[in-house]
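J.: Sharing a model that was predicted from the sequence below.
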Amino acid sequence: MNETSEISATRDAVVVLTGASSGIGHAAALALAGKGARLVLAARGRTALEAVQAECTGLGAEVLVVPTDVTDARAVDDLAQAAIERFGHIDVWINNVGVGLVGLFDATPMELHRRVIESNLLGHMHGAHAALAHFRLRERGTLINMISVGGIAPAPYAAAYTASKFALRGFSEAIRAEMSGLPKVHVCEVYPTFVDTPGVGHGANHTGHRVVPPPPLTDPREVAAAVVALIEKPRAAVYLGGPSLPVRVAHAMAPQLVGRVTMRLMEKALYRADVTDITDGNLFEPSVGTRIDGGYRRSTSSTWAGLALGAGALLMGWWAMRATRGSARSWQA
């Protein structure tokens, strides 16, 4: 009986998925197609979208491709309208677009920081605006915002990314409150730690050194499975990845320490990293390719940078949890 209910929750659901051309978006598209969802796939590059469309169609899904730049509010409204014209309504909207910029804030051109905010924050807001207006009329629907652990703890050398993700957390909580009078309208948040996607390689890099995500890395298919699970059984927030709890605890207990230690670890990691060109990445142009995996889990060159940052997060979390238990014992005594 449980299996039947799980299948029926997603089967034939009309799902709009932004950032669908690679990484988590590509993985989510395949996962949803395998569950029988009807898909509306959006990203900036038509060629990549059509490649993902072909894979999903091969799994038996009905798929509409709508090339969209989510920084353009009118384009996002057109995306929603295209979905409604094709399928009659929208059941689920997944805001999955995310871009990154690595570099010291004051040493990086302001227009790049602005573009990160436009893509990560305003892009989600544009999607939510289109989706929630439709959900309110139907009195049902699920909005899923892809945030990240970057919305909980700061990321030095990624100030705009941190700003966008912290803002997304507050934005999601606010609109969830606004929808609280509609029990069948759900606003959900997904908080993965570092995921092994091409995203870091696609992003802007103004450090002059190769940047790699720190292990342990989450499989993007695990994030995709979490998205499907939210459609099946909506909940406010889902946290993914081993370091998630230590990072949340450490930041709650000692936010200034987390920032200082992360900064030092990042500086050491960059010092050891290979020299590379300055690039604006995919901030203004679509990414090339449709790969799901970034390949960093197999990369030996990421060892020093990754282990330093990953171990630092786990150590801070362990320290904070020990401090919490010690304070509790002292209080009880």
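T.: Nice, thanks for sending it over.
J.: center of this structure, which residue is that?
T.: The centre of the chain sits closest to Met146, judged by Cα atoms, centre = their mean, with a distance of 3.7 Å.
J.: Can you list the residue ranges for helices in the stretch 51-200 of the chain?
T.: For the stretch 51-200 of the chain, helices defined by DSSP state H, counting those that start in this stretch occupy the ranges 73-87, 110-117, 123-138, 159-178, 199-202.
J.: What ranges does the protein have for its strands?
T.: For the chain, the strands defined by DSSP state E occupy 14-18, 38-42, 63-65, 92-95, 101-102, 141-146, 185-192, 204-205, 237-240.
J.: Please report how far Ala13 lies from Leu217.
T.: Going from Ala13 to Leu217 by Cβ to Cβ, to the nearest Å gives 29 Å. Every C-beta, even on glycine, is put in place using the N, C-alpha and C of the backbone.
J.: For the chain, name the helix or strand with the lowest mean pLDDT.
T.: Lowest by mean pLDDT, DSSP states H and E among the helices and strands of the chain is helix 303-332, with a mean of 48.
J.: related to what we said a few turns ago, mind checking which of the helices of the stretch 51-200 of the chain is nearest Ala236?
T.: helix 159-178 (6.7 Å; Cβ to Cβ).
J.: Buried by neighbour count: which residues of the closest one qualify?
T.: Neighbour counts using 16 or more other Cβ atoms under 10 Å place 159-169, 171-172, 175-176 of helix 159-178 among the buried residues.
J.: Assess the claim that Thr197 and Gly23 are in contact.
T.: Yes: at 3.3 Å, Thr197 and Gly23 qualify as touching, with contact defined as Cβ atoms under 8 Å.
J.: Quickly list what's touching both of those two.
T.: In terms of Cβ atoms under 8 Å, 6 or more residues apart in numbering, Thr197 and Gly23 are both contacted by the residues 220, 291-292, 294.
J.: mind listing what the closest residue in space to Phe284 that isn't next to it in sequence touches?
T.: Leaving aside its chain neighbours, Phe284 sits nearest to Arg115 (6.6 Å; criterion: Cβ to Cβ, 6 or more residues apart in numbering). For Arg115, the contacting residues are 71, 99, 101, 283-284, by Cβ under 8 Å, 6+ apart.
J.: With distance to Asn120 as new columns, can these be given to me in CSV?
T.: Shown next, in CSV, are the contacts of Arg115 (distance: Cβ to Cβ, whole Å):
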residue, distance to Asn120
Thr71, 10
Val99, 6
Leu101, 10
Leu283, 11
Phe284, 14
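J.: out of those, which are buried?
T.: Buried subset of these (neighbour count, 16+ other Cβ under 10 Å): 71, 99, 101, 283.
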